[in-house]
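In: Compute the structure for the input listed below.
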Amino acid sequence: MLDLGVVIVNWNTCALLRKCLQTVEASQGDFKFKTIVVDNHSPDDSADMVRREFPHIHLIVTPENNGYSYANNIGLRALGFQGAGQVESDAPRYALLLNPDTEVPPEALYQMVQYMDSDPTIGIAGPKLIMPLEDGKLDVACRRGFPTPEVAFYHFSGLAKWFPNSPRFGRYNMTYLDPDQETEVDSVVGAYMQIRREAIAQVGLLDDTFFMYGEDLDWALRVKNAGWKVMYHPQVIVKHIKRAASRRSPKAQFEFYRAMLIFYRKHYQRTTPLWLHSLVLAGLLLKGGTRMWREIRHPHATS
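Out: Residues are numbered from 1 along each chain as shown. A predicted model of the protein is given here:
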């Protein structure tokens, strides 16, 4: 059985994907892994580059871009994860969602496998992510709190920025924690998210109602609700070039707030009082604009 199945969803980041794959291929350690690249209908040379330079890697090219979650699920199914209660016998012990704008040190994958092997109660784990284009600053999204209405308010009102060391106000990105402290968290980020085979068997695949953003938080919440721990493991450090494919995309900005709406409706709306519900929708409308109004009036179905 494979120890690790790596799924890399790519859209239009050919040079970064090349570097990512070079670092993955240079991985060292006593473990077996397989890499799957799902190219999400990129307009650049990404798919041809993988065929030329990494012919042994399993490449899947989608006929259209149906989103990050949808493409990751294609890769997960190719590894043998078909859904809740449907895991093929040859599926790996762990699946890893890895962004193409990451670079992994030679022993990172092996160390993360060893880490999760050391504690069978860990369902999801992620490393410390640093941003090389910002002088090695911590990518604060690598350890997250769930965006409850309260936590989201503290973040978007600026209270989290004014009081980053407060366990109450700094919950969104857990900025009150030592970045080198191993900690159980609500979620790690989908840029590097390693999940146990048995956890996938329990909760199923990503919810592809999320086009991009939010799907990692949703998966982590479902995994935690099933009784597993989600751990931040900063002893392993991975480079992350933040939002390489989406930093200039208006669609990506809209999808960020749309993901918050989907997450809120799926997990918190039923227990939110009407006055607070109205404030949540007003805040999302303010951030998301007219397209968000259409989304609020005619939402996509959530699973």
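In: And the pLDDT at residue 249?
Out: What the model reports for residue 249 is a pLDDT of 66.
In: try residue 245
Out: At residue 245 the predicted local confidence, pLDDT, stands at 50.
In: what do you get for residue 300?
Out: So, for residue 300, pLDDT stands at 58.
In: how about the strands of the stretch 101-250 of the chain, start to end?
Out: Listed from the start of the chain, the stretch 101-250 of the chain has strands (DSSP state E, counting those that start in this stretch) covering 102-103, 122-131, 137-138, 183-184, 192-196, 229-240.
In: Output the below-cut-off pLDDT ranges for the protein.
Out: Within the chain, the segments meeting pLDDT under 70 span 243-249, 299-303.
In: Outline the domain layout of it.
Out: Described in terms of automatic domain parsing, the domain architecture of the chain consists of the residue ranges 4-144+176-240, 250-297.
In: circling back: ok, which of the strands of the stretch 101-250 of the chain comes nearest residue 44?
Out: Smallest distance to residue 44 across the strands of the stretch 101-250 of the chain (Cβ to Cβ): 18.3 Å, for strand 102-103. Using the backbone N, CA and C atoms, a C-beta is placed for each residue, glycine as well.
In: What is that closest one packed up against?
Out: The criterion is 3 or more Cβ pairs under 8 Å, 6 or more residues apart in numbering; DSSP states H and E, and the helices and strands that strand 102-103 contacts are helix 14-25, strand 229-240.
In: That one pairs with which strands, parallel or anti?
Out: The sheet places strand 102-103 alongside strand 229-240 (antiparallel), with pairing taken from DSSP bridges.
In: From the chain's centroid, how far away is the partner strand?
Out: 13 Å (Cα atoms, centre = their mean, to the nearest Å).
In: How about stretch 153-169?
Out: Taking Cα atoms, centre = their mean, one finds stretch 153-169 lying 23 Å from the centre of the chain it belongs to.
In: what's in contact with that stretch?
Out: Stretch 153-169 is contacted from outside by 147, 170, 171, 172, 173, 175, 176, 283, 287, using Cβ atoms under 8 Å, 6 or more residues apart in numbering.
In: Buried deepest among the domains of the chain, which one?
Out: The highest mean neighbour count among the domains of the chain, using mean count of other Cβ atoms under 10 Å, belongs to domain 4-144+176-240: a mean of 19.
In: From the contacts of stretch 153-169, which land in helices?
Out: Cross-referencing those against helices under DSSP state H gives 283, 287.
In: Return the member of the contacts of stretch 153-169 nearest to residue 20.
Out: When those are compared for distance to residue 20, the smallest value, 24.0 Å, is given by residue 173; criterion: Cβ to Cβ.
In: Can you lay out the domains of the chain as a markdown table showing distance to residue 158?
Out: Converted to a markdown table, the domains of the chain look like this (distance: least, Cβ to Cβ, whole Å):
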| stretch | distance to residue 158 |
| --- | --- |
| domain 4-144+176-240 | 15 |
| domain 250-297 | 13 |
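In: who are the neighbours in contact with the spatially most central residue of the chain?
Out: For the chain, the residue nearest the mean C-alpha position is residue 190 (1.4 Å; Cα atoms, centre = their mean). The neighbours of residue 190, taking Cβ under 8 Å, 6+ apart as the test, are 68, 72, 97, 99, 215, 216.
In: The last one: what's it in contact with?
Out: It stands for residue 216. If you count contacts by Cβ under 8 Å, 6+ apart, residue 216 has them with 97, 187, 188, 189, 190, 193.
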